[in-house]
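K.L.:
How does the following fold in three dimensions:
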Amino acid sequence: MVDEAPISTAAEAARHELILAFGRLQGAANRLEHLLGRAIEAECGISHLMYEVLLILGRAGEPGLPMGVIAREQVLSSGGVTRLVDRMEAAGLVERTADPADRRGRLVRLTAVGEETVVRASRVHIENIRRYFVEPVPEAHRERFAEDLRTLSHAARDLLS
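P.N.:
You can find the predicted model right below:
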(Lines give C-alpha, C1' and ligand atoms only; values in the text may rest on other atoms or scores of the structure.)
Protein backbone atom coordinates (compact mmCIF):
# COMPACT_ATOMS: atom_id res chain seq x y z
CA MET A 1 0.00 0.00 0.00
CA VAL A 2 1.23 3.42 -0.94
CA ASP A 3 1.00 6.29 1.52
CA GLU A 4 -0.89 9.06 -0.23
CA ALA A 5 -0.99 12.86 0.11
CA PRO A 6 -2.96 14.36 3.02
CA ILE A 7 -6.74 14.15 2.71
CA SER A 8 -8.44 17.44 1.85
CA THR A 9 -11.94 16.36 0.72
CA ALA A 10 -14.58 13.83 1.72
CA ALA A 11 -14.20 12.13 -1.67
CA GLU A 12 -10.46 11.67 -1.09
CA ALA A 13 -11.19 10.23 2.35
CA ALA A 14 -13.75 7.82 0.91
CA ARG A 15 -11.26 6.59 -1.71
CA HIS A 16 -8.17 6.42 0.54
CA GLU A 17 -6.59 3.01 0.15
CA LEU A 18 -6.03 2.44 3.90
CA ILE A 19 -9.57 3.51 4.80
CA LEU A 20 -10.97 1.24 2.07
CA ALA A 21 -8.83 -1.71 3.21
CA PHE A 22 -9.87 -1.36 6.84
CA GLY A 23 -13.50 -0.91 5.82
CA ARG A 24 -13.34 -4.14 3.83
CA LEU A 25 -11.90 -5.97 6.85
CA GLN A 26 -14.58 -4.56 9.13
CA GLY A 27 -17.35 -5.26 6.62
CA ALA A 28 -16.19 -8.84 6.08
CA ALA A 29 -15.97 -9.45 9.84
CA ASN A 30 -19.44 -7.99 10.46
CA ARG A 31 -21.05 -9.94 7.62
CA LEU A 32 -19.35 -13.19 8.60
CA GLU A 33 -20.30 -12.75 12.25
CA HIS A 34 -23.90 -12.19 11.17
CA LEU A 35 -23.95 -15.26 8.88
CA LEU A 36 -22.20 -17.55 11.34
CA GLY A 37 -24.04 -16.21 14.39
CA ARG A 38 -27.40 -16.64 12.67
CA ALA A 39 -26.54 -20.28 11.92
CA ILE A 40 -25.55 -20.98 15.54
CA GLU A 41 -28.76 -19.38 16.78
CA ALA A 42 -30.93 -21.30 14.30
CA GLU A 43 -29.24 -24.66 14.90
CA CYS A 44 -28.47 -24.43 18.63
CA GLY A 45 -30.70 -21.72 20.10
CA ILE A 46 -27.90 -19.53 21.46
CA SER A 47 -26.45 -16.21 20.35
CA HIS A 48 -22.95 -15.92 18.95
CA LEU A 49 -21.93 -13.99 22.08
CA MET A 50 -23.20 -16.82 24.30
CA TYR A 51 -21.25 -19.26 22.16
CA GLU A 52 -18.08 -17.20 22.62
CA VAL A 53 -18.57 -17.19 26.41
CA LEU A 54 -19.09 -20.97 26.38
CA LEU A 55 -15.78 -21.30 24.50
CA ILE A 56 -13.99 -19.07 27.03
CA LEU A 57 -15.35 -21.20 29.86
CA GLY A 58 -14.43 -24.39 28.02
CA ARG A 59 -10.83 -23.19 27.70
CA ALA A 60 -10.74 -22.24 31.38
CA GLY A 61 -12.02 -25.58 32.67
CA GLU A 62 -12.63 -26.09 36.37
CA PRO A 63 -13.33 -24.34 38.66
CA GLY A 64 -14.51 -21.64 36.20
CA LEU A 65 -13.84 -17.93 35.77
CA PRO A 66 -14.74 -14.74 37.61
CA MET A 67 -17.21 -12.46 35.82
CA GLY A 68 -14.53 -9.78 35.38
CA VAL A 69 -12.34 -12.12 33.34
CA ILE A 70 -15.25 -12.99 31.06
CA ALA A 71 -16.03 -9.28 30.66
CA ARG A 72 -12.42 -8.49 29.69
CA GLU A 73 -12.25 -11.39 27.24
CA GLN A 74 -15.39 -10.20 25.45
CA VAL A 75 -14.84 -6.45 26.04
CA LEU A 76 -18.14 -6.18 27.92
CA SER A 77 -19.12 -3.95 30.82
CA SER A 78 -19.63 -5.61 34.20
CA GLY A 79 -23.38 -5.01 33.85
CA GLY A 80 -23.38 -6.45 30.34
CA VAL A 81 -21.63 -9.64 31.38
CA THR A 82 -23.91 -10.00 34.41
CA ARG A 83 -27.04 -9.79 32.22
CA LEU A 84 -25.53 -12.23 29.70
CA VAL A 85 -24.53 -14.76 32.37
CA ASP A 86 -27.98 -14.38 33.98
CA ARG A 87 -29.59 -15.40 30.66
CA MET A 88 -27.11 -18.24 30.20
CA GLU A 89 -27.73 -19.49 33.74
CA ALA A 90 -31.51 -19.36 33.19
CA ALA A 91 -30.99 -21.47 30.04
CA GLY A 92 -29.00 -24.03 32.06
CA LEU A 93 -25.74 -23.41 30.15
CA VAL A 94 -23.65 -22.14 33.08
CA GLU A 95 -23.73 -22.05 36.84
CA ARG A 96 -22.22 -19.73 39.41
CA THR A 97 -20.21 -21.28 42.23
CA ALA A 98 -18.23 -20.00 45.18
CA ASP A 99 -14.67 -18.92 44.40
CA PRO A 100 -12.32 -20.97 46.62
CA ALA A 101 -9.70 -18.20 46.38
CA ASP A 102 -12.10 -15.37 47.34
CA ARG A 103 -14.83 -15.89 49.92
CA ARG A 104 -16.94 -13.09 48.44
CA GLY A 105 -16.28 -14.02 44.82
CA ARG A 106 -18.26 -16.16 42.44
CA LEU A 107 -17.04 -18.20 39.49
CA VAL A 108 -18.92 -19.09 36.33
CA ARG A 109 -18.52 -22.55 34.85
CA LEU A 110 -20.12 -24.75 32.23
CA THR A 111 -22.93 -27.12 33.11
CA ALA A 112 -23.37 -30.45 31.33
CA VAL A 113 -25.95 -28.74 29.08
CA GLY A 114 -23.47 -25.95 28.37
CA GLU A 115 -20.81 -28.51 27.46
CA GLU A 116 -23.18 -30.33 25.11
CA THR A 117 -24.34 -27.04 23.56
CA VAL A 118 -20.83 -25.73 22.88
CA VAL A 119 -19.84 -29.02 21.25
CA ARG A 120 -22.94 -29.03 19.02
CA ALA A 121 -22.54 -25.33 18.17
CA SER A 122 -18.85 -25.85 17.38
CA ARG A 123 -19.66 -28.54 14.84
CA VAL A 124 -22.07 -26.16 13.11
CA HIS A 125 -19.60 -23.28 13.40
CA ILE A 126 -16.66 -25.21 11.92
CA GLU A 127 -18.67 -26.21 8.87
CA ASN A 128 -19.79 -22.63 8.32
CA ILE A 129 -16.26 -21.27 8.88
CA ARG A 130 -15.05 -23.61 6.15
CA ARG A 131 -17.85 -22.58 3.80
CA TYR A 132 -17.87 -18.80 4.33
CA PHE A 133 -14.40 -17.95 5.65
CA VAL A 134 -11.91 -20.50 4.31
CA GLU A 135 -13.25 -21.58 0.91
CA PRO A 136 -13.49 -18.05 -0.59
CA VAL A 137 -9.74 -17.49 0.06
CA PRO A 138 -7.47 -19.08 -2.57
CA GLU A 139 -5.86 -22.19 -1.12
CA ALA A 140 -2.33 -20.88 -1.75
CA HIS A 141 -3.06 -17.83 0.48
CA ARG A 142 -4.85 -19.48 3.40
CA GLU A 143 -1.88 -20.16 5.67
CA ARG A 144 -0.45 -16.65 5.24
CA PHE A 145 -3.91 -15.11 5.68
CA ALA A 146 -4.40 -16.96 8.99
CA GLU A 147 -0.95 -15.85 10.19
CA ASP A 148 -1.65 -12.22 9.24
CA LEU A 149 -4.95 -12.32 11.16
CA ARG A 150 -3.15 -13.74 14.19
CA THR A 151 -0.60 -10.92 14.00
CA LEU A 152 -3.31 -8.24 13.79
CA SER A 153 -5.28 -9.78 16.63
CA HIS A 154 -2.28 -10.03 18.95
CA ALA A 155 -1.11 -6.48 18.15
CA ALA A 156 -4.55 -5.06 18.99
CA ARG A 157 -4.83 -7.20 22.13
CA ASP A 158 -1.43 -6.03 23.34
CA LEU A 159 -2.38 -2.38 22.85
CA LEU A 160 -5.52 -2.89 24.91
CA SER A 161 -3.72 -4.70 27.76
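K.L.:
For the most centrally placed residue in the chain, give me the pLDDT.
P.N.:
With the centre of the chain defined as its mean C-alpha position, the nearest residue by Cα atoms, centre = their mean is E52, 5.5 Å away. Looking at E52, its pLDDT stands at 93.
K.L.:
and E89, what does it touch?
P.N.:
By Cβ atoms under 8 Å, 6 or more residues apart in numbering, the contact set of E89 is E95, R96. Heads up, the C-betas are built off the backbone N, CA and C, glycines and all.
K.L.:
re the thing from before, the residue nearest to the centre of the chain and H154, how far apart?
P.N.:
18 Å (Cβ to Cβ, to the nearest Å).
K.L.:
ok so, going back, show me which positions of whatever helix or strand the residue nearest to the centre of the chain lives in end up buried.
P.N.:
Element membership for E52, per DSSP states H and E: helix 48-60. Residues H48, L49, M50, Y51, E52, V53, L54, I56, L57, A60 are the ones in helix 48-60 that count as buried (16 or more other Cβ atoms under 10 Å).
K.L.:
can you pull the contacts of the closest residue in space to V53 that isn't next to it in sequence?
P.N.:
Leaving aside its chain neighbours, V53 sits nearest to I70 (6.0 Å; criterion: Cβ to Cβ, 6 or more residues apart in numbering). If a contact means Cβ under 8 Å, 6+ apart, then I70 has V53, I56, L57, L76, V81, V85, V108 as its contacts.
K.L.:
Give me the sheet partners of the top strand by length along the chain and which way each runs.
P.N.:
The residue-count maximum for a strand in the chain (DSSP state E) belongs to strand 102-110. Sheet pairing of strand 102-110 (DSSP bridges) gives strand 65-66 (antiparallel), strand 94-99 (antiparallel).
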